[in-house]
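Asker: what would the 3D arrangement of this be:
(chains A and B)
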Amino acid sequence: MSNAVPTEVVRCRSVTKSFGAGEAAVPALRGVDLDVRTGELLLLVGPSGCGKTTLLSIVGAMLDRDGGQCEIMGRDPADMGPAERANFRGSCLGFVFQSFNLMPSLTATENVAVPLLIAGASRRSAGARAEELLDAVGLGARRNALPPQLSGGQQQRIAIARALAREPPLVLCDEPTSNLDHETGGEMVGLLRRAARSAGRALVVATHDTRIFAFADRIARMEDGRILDVTGASEPAGATT
Amino acid sequence: MLETLRVALTSIRGNLFRAALTMLGVIIGVAAVITMLALGTGAQRAVEEQLEALGANVITVTTGMRFAQGVAREQQVLTTDDAEAVRDDARNVAAVSPEQSSRQQVKLGNRNLNLSVIGTAPQHPEVNGYTLRAGRMFTAIDDASHRRVAVLGGEVPELLQTTADALVGHTLMVKAMPFEVIGVYAKKGAVGFGNPDDDVFIPISTSRYRVTGDDKVQSIAVQVAPGIELAQAMVEIERVIRREHGLAPGIDNDFSVIDRKQFLATQQQTTQILGFLLAGIAGVSLIVGGIGIMNIMLVTVTERTREIGIRKALGATRLDILTQFLVESVVLCVLGGLLGMLVGTGAARALARFAGWQTYVTLDALALAFGFSAAVGLVFGLWPARRAASLDPIAALRYE
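Answerer: Coordinates of the predicted model:
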């Protein structure tokens, strides 16, 4: 366990976001403050429509905020142009989606290699790294399988491997277990937690799956576009998983 | 770029049938362009060969045009008498070869054809650059005697399903009259859309008295004596024919006197323009093929919206996405272009073999068609590629 003072990976202050315009505008975030520290697993929990996905999208540099400040690794995505933002996403962020979002015509290895190839890696080195990651998530034997040939749990493992391909300091997961059974969902979160611990990586998981609360270092409860409270240790929990 | 190309090929392989249908427009367009250019080049080369075969000293006298009820009509005012007058009275003339043309039934055994029968002078081969590959040309005596003898164009033996050597000495029925085949010309090749290799040549007097029954001729070819300026000879010929036609000073010629080489050079220019025009029309089909490419690429972008969202989330820039789809469009068109080149070359050869038209596929034509197909891919792939690049990643990820 590290005794170093944890670093803030994400720092949001008074973040607001509305969809639509004028009288039809629907506020999704109403002034959100959030900090995420290196190496921690933070859960964003709340009912559907409370703003979890919107907050993740803003932190993930895929959606512009209307107001407030938001810095990821000390940089504000609003100050970046589209190309810079895309490069930032690719190098500093990993994503795990509810519906896996794998490319059905690519093998497991090819899916994991996509972010590396986008970054300009050679096909050989990207493939080697992808196979290493698939071994780490327990799918070494299925590296040539296509997603439709795999179970939900296996597909999500590939998605996790892909999210870790470029060793990002921050991984954002939007309902990663909602399409999985209880046991598999638990395995996924355990996998993510190990990934966070082993590399000092921060994870933010948006979920309303109470089964995985026990894995979290902190839990931020959201409702109606606001963070109600954040519970859990002020320092990241011990190294054991 | 290599990876982008690989992704494009993977995408095309993933839906091969659709890719093939999409390429069909480009294949047909490129094939049409290649074939039309081949026809045009073939026609030009045929004219060039004619120019080479001709001496620099041949003048053609043709019938003039008159206008009746707003329509230009050819008037048959040249006669065999004009040809004789030019031969006897015009200074600086080496040989004269009139042509009287009519279409007649030509029979050999049970093989029956409708061919052009040309009544002409014994000087026809020298004046027009023909050579004999079998037998002999008819003589002045044959002409004076109105003998029923014939010299066949280079392809007539094949049309009659026999050989040149086998035909010489045999009897052909022309307009139900027996004609002895005394010679066969070597092939000259089609000129534009006419083919003298399909013609039958008989003495002008025989044509006049036994076949057509009149003395009208369509043209008179005149070979000028060596060392004489063509312009000078043309004036002389004009003088003689105007005298024959009783044209008073100040009255326009009812005939035309043309320097053959100049005429053929003009014909070459016309053929070239026609060739480009045909290729341009064929190019329209390539444009239509490009619209098909654009349509399918738009469908592809829609189908792969989620994939685009995933790539953007994973760090792909707008330029990456634009390039990916643009390359896919260009690859489709280039593949179609390559196949179109094969089909077009085959079609040009088939036209040469079965229709007897002279065609010639040049490297320039292949390069032009190939370049044009790549350009079509770039132009018509740009809009779908831009559409893909501008997709919002969140909306794209949510797309069902």
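Asker: is it true that B:Gly292 touches B:Ile28?
Answerer: No: judged on CB atoms under 8 Å, B:Gly292 makes no contact with B:Ile28 at a distance of 10.1 Å. For every residue, glycine as well, the C-beta is placed using N, CA and C.
Asker: please enumerate the strands of the chain.
Answerer: No chain specified, so I'll use chain A. Secondary structure of chain A, counting by DSSP state E: strands at A:8-19, A:26-37, A:41-45, A:67-72, A:93-96, A:170-174, A:202-207, A:218-223, A:226-232.
Asker: wait, chain B
Answerer: For chain B, strands defined by DSSP E occupy the ranges B:58-63, B:65-68, B:71-74, B:93-108, B:111-120, B:132-135, B:149-152, B:171-174, B:177-185, B:200-203, B:219-224, B:255-259.
Asker: out of the ones you listed, which is closest to chain A?
Answerer: Chain A lies closest to strand B:111-120 among those, at 60.7 Å (CB to the nearest CB).
Asker: in the chain, which helix is the longest?
Answerer: Picking chain A for this. Among the segments of chain A that qualify as a helix by DSSP state H, the longest is helix A:182-199.
Asker: chain B is the one I meant
Answerer: For chain B, assigning by DSSP H, the longest helix comes out as helix B:260-303.
Asker: show the average pLDDT along it.
Answerer: Mean pLDDT, taken over the full extent of helix B:260-303, equals 82.
Asker: just to revisit the earlier point, give me the buried positions along the longest helix of chain A.
Answerer: Neighbour counts using 16 or more other CB atoms under 10 Å in any protein chain shown place A:184-189, A:191-193, A:195-197 of helix A:182-199 among the buried residues.
Asker: one more: stretch A:211-226?
Answerer: By 16+ other CB under 10 Å, the buried positions in stretch A:211-226 come out as A:212, A:215-220, A:222, A:225-226.
Asker: so which bits of chain A are right by chain B?
Answerer: Where chain A comes near chain B, counting by CB under 8 Å from any CB of the partner chain, the residues are A:57, A:60, A:62-63, A:82-83, A:86-87, A:89-91, A:95, A:97, A:101, A:103, A:105, A:114-115, A:117-119, A:123, A:162, A:166.
Asker: quick one: contacts for the residue in the stretch 151-300 of chain B positioned nearest to chain A?
Answerer: Using CB to the nearest CB, the closest approach of the stretch 151-300 of chain B to chain A is made by B:Thr300 at 12.6 Å. Under the criterion of CB atoms under 8 Å, 6 or more residues apart in numbering or on different chains, the contact list for B:Thr300 reads B:11, B:325, B:328, B:384.
Asker: and those as TSV, adding neighbour count?
Answerer: Converted to TSV, those look like this (neighbours: other CB atoms under 10 Å in any protein chain shown):
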residue	neighbour count
B:Ser11	20
B:Phe325	28
B:Glu328	28
B:Pro384	24
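Asker: please list which of these also come close to chain A.
Answerer: By CB under 8 Å from any CB, the members of the contacts of B:Thr300 lying near chain A are B:Ser11.
Asker: could you redo the contacts of B:Thr300 as TSV and give each row pLDDT?
Answerer: Putting the contacts of B:Thr300 into TSV (pLDDT from 0 to 100) gives the following:
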residue	pLDDT
B:Ser11	81
B:Phe325	93
B:Glu328	91
B:Pro384	94
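Asker: list the ones among the contacts of B:Thr300 that fall in helices.
Answerer: Among the contacts of B:Thr300, the subset assigned to helices under DSSP H consists of B:11, B:325, B:328, B:384.
Asker: which of those residues sits closest to chain A?
Answerer: The closest of the ones in helices among the contacts of B:Thr300 to chain A turns out to be B:Ser11 (CB to the nearest CB; 8.0 Å).
Asker: just checking, that closest one touches B:Val327?
Answerer: No: the pair B:Ser11 and B:Val327 fails to qualify as a contact (CB under 8 Å) at a distance of 9.8 Å.
Asker: nearest to chain B: which residue in chain A?
Answerer: For chain A, the residue closest to chain B is A:Gly90, as judged by CB to the nearest CB, at 1.8 Å.
Asker: middle-most residue in chain A, spatially?
Answerer: For chain A, the residue lying nearest the average C-alpha position, counting by CA atoms, centre = their mean, turns out to be A:Leu172 (1.2 Å).
Asker: returning to what we had before: excluding sequence neighbours, find me the nearest residue to the residue of chain A closest to chain B.
Answerer: Nearest residue to A:Gly90, sequence neighbours excluded (CB to CB, 6 or more residues apart in numbering or on different chains): B:Gly315, at 1.8 Å.
Asker: tell me the contacts of the one you found?
Answerer: Applying CB under 8 Å, 6+ apart, the residues contacting B:Gly315 are A:86-87, A:89-91, A:115, A:118-119, A:166.
Asker: show the buried residues in those.
Answerer: The neighbour-count test (16+ other CB under 10 Å) applied to these identifies A:86-87, A:89-90, A:115, A:118-119, A:166 as buried.
Asker: could I get those as JSON lines with distance to B:Pro98 and pLDDT?
Answerer: Listed next are these as JSON lines, based on distance: CB to CB, whole Å; pLDDT from 0 to 100:
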{"residue": "A:Ala86", "distance to B:Pro98": "81", "pLDDT": "93"}
{"residue": "A:Asn87", "distance to B:Pro98": "83", "pLDDT": "93"}
{"residue": "A:Arg89", "distance to B:Pro98": "86", "pLDDT": "93"}
{"residue": "A:Gly90", "distance to B:Pro98": "84", "pLDDT": "93"}
{"residue": "A:Pro115", "distance to B:Pro98": "84", "pLDDT": "94"}
{"residue": "A:Ile118", "distance to B:Pro98": "79", "pLDDT": "93"}
{"residue": "A:Ala119", "distance to B:Pro98": "82", "pLDDT": "92"}
{"residue": "A:Arg166", "distance to B:Pro98": "88", "pLDDT": "93"}
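Asker: show me which of those residues is closest to A:Ser151.
Answerer: Distances from the buried ones among the contacts of B:Gly315 to A:Ser151 were compared by CB to CB; the smallest belongs to A:Pro115, at 23.0 Å.
Asker: give me the neighbour count for the closest residue to that closest one other than its chain neighbours.
Answerer: What sits nearest to A:Pro115 in space, not counting adjacent residues and going by CB to CB, 6+ apart, is B:Leu314, at 4.3 Å. Applying other CB atoms under 10 Å in any protein chain shown, we find 25 residues neighbouring B:Leu314.
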